[in-house]
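**Q** Predicted coordinates and the sequence they were generated for:
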Amino acid sequence: MHSIAYSSSSSRNRNLMIGAVCAVVLFLLVLNQNSLGDGSLSGGGYGGSSKGLSTSQEQLINNLVKSEVENALLSHMPKNTNSKKTSDNGLQVAELSESKRMRILVTGGAGFVGSHLVDRLMMAGHEVIVLDNFFTGRKKNVMHWVNHPNFQLISHDVVEPIMLEVDQIYHLACPASPPHYQYNPVKTIKTSTMGTLNMLGLAKRVKARILLTSTSEVYGDPEVHPQPETYWGNVNPIGPRACYDEGKRVAETMMYAYQKQSKVDVRVARIFNTFGPRMHPNDGRVVSNFIIQALQDKDITIYGNGEQTRSFQYVSDLVEGLIRLMNGDYDQPTNIGNPDEYTVNDFSKYIKELTKSSSVIKHLEATADDPRKRKPDISVAKRELGWEPKVDVKTGLAKTIEYFAGVLDEGGEIVPTGPDATKPKGGY
Ligand code: NAD
Ligand code: UDP
Ligand code: UDP
C-alpha cells in the first residue's frame, strides 16, 4: 500500500471557462429536450418531436466534446487503418473494411464504463448500438455520437426481450453503485437475471459472442487475499448487497449454462473498483464522494473505521481489458482491475492532499456487509490477454478531479449521496 505525495496545478480558470460554455449548452439543450432523439432513438419515451438540434447548437456541443474525446482516444486509434472524417460532429473514426467492421451491441452503454467503451468501439470504426433504460446512465455520455451514421441509441430495458442483428454483445446494463443498486433491489435482480437471459437468448439466436461485466463482488467479503478467479467467494445471500452480488453470480452461471447447453460464445470479466470522468456525481461511491466532498471543502465521510481496503483502476485500462477479453480466445472468468490497494483512511487523506482541500475527515457508522479487503490477482489477464493496467492511480485521479471540478463549475453545489439506498438523480 501507499505513501502519498503529489501536487496538482489548479485548473480553476480553465474550468470556469468550460463551465460557462457548458451552461450555455445545457440551456440550449433544455430548450430542445424533446428533440434530442431525432432519428437516433427508438423505443419511445422522448416526446416524439422530429425537430433536431440546430446546426449552431450542435456545433457548440461538438466543440465541447471534441477535445475531450479526441484527446482521450487518439492514443487508441487502430494502427494501419485509414482514418476518415465520417461524422458531422468532427470526430475522426477509423475506416474499417466490411470484413473487419462489426455491429456491436453495448447494453448499459450510456453509463460510466459503457460510454467509454462506446468511444473506443466507435473510434475503431465499428457500428455501435447502445441499449439503455437511463436508470443510472445519461444521454450526455454518448451525445457526441448521436447522428453519427455508425451509431444508434435505443431506449430499452433489458428485462424485456428485444430482436436485433449483431456480431458482438458487451452486456453491461446494471446499476453498479451500492446506493443505486439497493434502491430497487428486486429490479436489480431482474436486470441481472432476466436481462442477462434475454441477452443470452439474443446471442444464441444471432450467434454473437457475448461478454458479461461481472464484478469483484462475486467474491463477497473475501477470505482469500488477493482474489484469484479460482476463489468461490463469501457472499451473504440475504444481505443488502445480495441483489447485486447474487444477481451477478447467477448471471455468470447462466453464461456458462448457455455455453454448455447451446454453444453460446461467452466471456466473463470480473471488474474491480473503477473510476474516471463521467462517473455519476451522485453515485455515492468512494472515489466520486471523496473528490466531490474535498473540492467543496465539505466533510469527507468514511463509513466505519476506514481500515477496509479497495484497489482502484482507471477506466481506460478497464476498457482495454474488456476489448482484449472479447476478442481473445480465453473464455473463463477474468479479473480486470488494478492491484494498487489503499485503505479507505489513506485514500481519504490522498484525495484531500491532491485537491488541497480543507475538508474534515469524519467517520460514520459502518455499512452492513461492507467487504473488508479487496485486491485483484491479475495473473490470468496478464497471461491470457497480455493485459495489465497502464494508468497509475495518481494520474487517473488527477483527470477525475479535473472532471469533477468542471462538473461543479458547470452545475454548482453537489450534495454527496450517503450510504442509504437512493434513487439516482435524473437529468440528461
Ligand atoms: P453505471 O450505472 O454507470 O452504468 C450502468 C448502465 O446500465 C446505465 O447506463 C444504466 O442506465 C443501465 N441500466 C441499468 N439497468 C438497466 C436495464 N434494466 N436496462 C437497460 N439499461 C440498464 O455503472 P458502471 O460503473 O458503468 O458499470 C457498468 C457495468 O460494469 C455494470 O454491469 C457493473 O456491474 C459493472 N462493474 C462496474 C464496476 C465499477 O467500478 N464501475 C465494478 C464492477 C463491475
Ligand atoms: N430473446 C430475446 N431476443 C432474441 C432471442 C431471445 O430477447 O433475439 C429472449 C427470449 O424472449 C427469451 C430469452 O431471450 O426470454 C431466452 O431465449 P432462449 O431462446 O434461450 O429461450 P426460450 O425463448 O426458448 O425460453
Ligand atoms: N465509502 C466510504 N465513504 C463514502 C463512500 C464509500 O467510506 O462516502 C467506503 C465504503 O464503505 C467501502 C469503500 O468505500 O468500504 C468503497 O465503496 P464504493 O461504494 O465505492 O464501492 P464498493 O463498496 O462497491 O467496492
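**A** That came through fine. Being a predicted model, the structure only gives us computed values, none of them experimental. Ligands and ions are numbered 1, 2, ... in the order given.

**Q** Where do the strands of the stretch 51-200 of the chain begin and end?
**A** 83-84, 93-94, 103-107, 127-132, 151-155, 168-171 (DSSP state E, counting those that start in this stretch).

**Q** Compare these and say which comes out lowest on pLDDT.
**A** Across these, strand 83-84 has the smallest mean pLDDT, namely a mean of 54.

**Q** For ligand 3, see how far away the nearest residue to residue 424 once chain neighbours are set aside is.
**A** Spatial nearest neighbour of residue 424, excluding adjacent residues (CB to CB, 6 or more residues apart in numbering): residue 136 at 4.7 Å. Bear in mind the C-beta positions are built from the backbone N, C-alpha and C, glycine included. Applying CB to the nearest ligand atom, to the nearest Å, the value for residue 136 to ligand 3 is 13 Å.

**Q** Does residue 136 touch residue 177 like I think?
**A** Yes. Using CB atoms under 8 Å, residue 136 is in contact with residue 177, at 7.4 Å.

**Q** Common neighbours of these two, please.
**A** 280, 283 (CB atoms under 8 Å, 6 or more residues apart in numbering).

**Q** so what's the residue nearest to residue 424 up against?
**A** 111, 175, 176, 177, 180, 280, 283, 424.

**Q** Considering only these, which also neighbour ligand 1?
**A** 111, 175, 176, 280 (CB under 6 Å from any ligand atom).

**Q** And for whichever residue of the stretch 301-428 of the chain sits closest to ligand 3, the neighbour number?
**A** Across the stretch 301-428 of the chain, no residue is closer to ligand 3 than residue 303, which sits at 3.7 Å (CB to the nearest ligand atom). By other CB atoms under 10 Å, 17 other residues sit near residue 303.

**Q** Spell out which parts of the stretch 151-300 of the chain neighbour ligand 1.
**A** 157-159, 172-176, 191, 195, 213, 215, 271, 273-274, 280.

**Q** List the buried residues for stretch 173-193?
**A** 173-185, 187-193 (16 or more other CB atoms under 10 Å).

**Q** coming back round to it: would you reformat the ones next to ligand 1 among the contacts of residue 136 as TSV and include pLDDT?
**A** Converted to TSV, the ones next to ligand 1 among the contacts of residue 136 look like this (pLDDT from 0 to 100):
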residue	pLDDT
111	98
175	97
176	97
280	94
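
**Q** How about residue 211, nearest residue that isn't a chain neighbour?
**A** Once flanking residues are discounted, residue 211 sits nearest to residue 267: 4.0 Å by CB to CB, 6+ apart.

**Q** got the contact list for the one you found?
**A** Contacts of residue 267 (CB under 8 Å, 6+ apart): 209, 210, 211, 212, 325, 326, 330, 331, 334.

**Q** wait, which of the ones next to ligand 1 among the contacts of residue 136 is closest to residue 307?
**A** Nearest to residue 307, judged by CB to CB, of those is residue 176 at 23.7 Å.

**Q** In contact with the residue nearest the centre of the chain, which residues?
**A** Closest to where the C-alpha atoms of the chain average out (CA atoms, centre = their mean) is residue 113, at 1.8 Å. Residues near residue 113 by CB under 8 Å, 6+ apart: 172, 176, 213, 271, 274, 315, 318, 319.

**Q** quick one: the third one and residue 269 touch, right?
**A** Read that as residue 213. Yes. Residue 213 is within contact range of residue 269, at 5.5 Å (criterion: CB under 8 Å).

**Q** Looking at those two now, which is surrounded by more residues?
**A** Counted by other CB under 10 Å, residue 213 and residue 269 do not tie: residue 213 has more neighbours, with 27 against 23.

**Q** Correct me if wrong, but that one is in a helix.
**A** No. Read with DSSP: H, G, I helix; E, B strand; the rest coil, residue 213 is strand and lies in no helix.

**Q** Of the contacts of residue 267, which belong to strands?
**A** 209, 210, 211, 212, 334 (DSSP state E).

**Q** out of those residues, which are buried?
**A** Buried, going by 16+ other CB under 10 Å: 209, 210, 211, 212, 334, out of those.

**Q** ok, now which ones touch the last one?
**A** This points to residue 334. Counting by CB under 8 Å, 6+ apart, residue 334 has contacts 229, 267, 268, 269, 270, 321, 325, 380, 381, 384, 385.

**Q** do the fourth one as well
**A** When contacts are counted by CB under 8 Å, 6+ apart, residue 212 touches 171, 196, 251, 252, 255, 266, 267, 268, 269.

**Q** Now look at stretch 122-142 and say if it contacts ligand 1.
**A** Yes. Stretch 122-142 comes into contact with ligand 1 (CB under 6 Å from any ligand atom), by way of 132, 133, 134, 135, 136, 137.

**Q** Need the distance between the two termini of that stretch.
**A** 11 Å (CA to CA, to the nearest Å).

**Q** Quick one: distance of stretch 112-126 to the chain centre.
**A** 11 Å (CA atoms, centre = their mean, to the nearest Å).

**Q** Likewise for stretch 413-424?
**A** For stretch 413-424, the distance to the chain centre is 18 Å (CA atoms, centre = their mean).

**Q** Most proximal residue of the stretch 101-250 of the chain with respect to ligand 3?
**A** Counting by CB to the nearest ligand atom, the stretch 101-250 of the chain gets nearest to ligand 3 through residue 178 (4.8 Å).

**Q** what's the model's confidence in stretch 299-312, averaged?
**A** 98.

**Q** Quick one: end-to-end length of that stretch, please.
**A** Distance across stretch 299-312, first residue to last, is 22 Å (CA to CA).

**Q** How about the residues of the stretch 201-350 of the chain by ligand 2?
**A** Proximity of the stretch 201-350 of the chain to ligand 2 (CB under 6 Å from any ligand atom) is limited to residues 201, 202, 204, 205.

**Q** distance of the nearest residue to residue 198 once chain neighbours are set aside from residue 314?
**A** Distances taken as CB to CB, 6+ apart put residue 161 closest to residue 198, at 5.2 Å, once the chain neighbours are dropped. Using CB to CB, to the nearest Å, residue 161 is found at 35 Å from residue 314.

**Q** if we can go back for a sec, next, the residue nearest to residue 424: phi, psi?
**A** phi -120, psi -10 (degrees, to the nearest 10).

**Q** And the pLDDT at it?
**A** On the pLDDT scale, residue 136 gets 97.

**Q** So is stretch 306-313 next to ligand 3?
**A** Yes. Using CB under 6 Å from any ligand atom, stretch 306-313 reaches ligand 3 at 308, 310.

**Q** How about residues contacting that stretch?
**A** Here stretch 306-313 has contacts from 1, 271-275, 286-287, 336-345, 347-348, 363, 370-376, 389, 393, 396, using CB under 8 Å, 6+ apart.

**Q** Cheers, nothing more for now.
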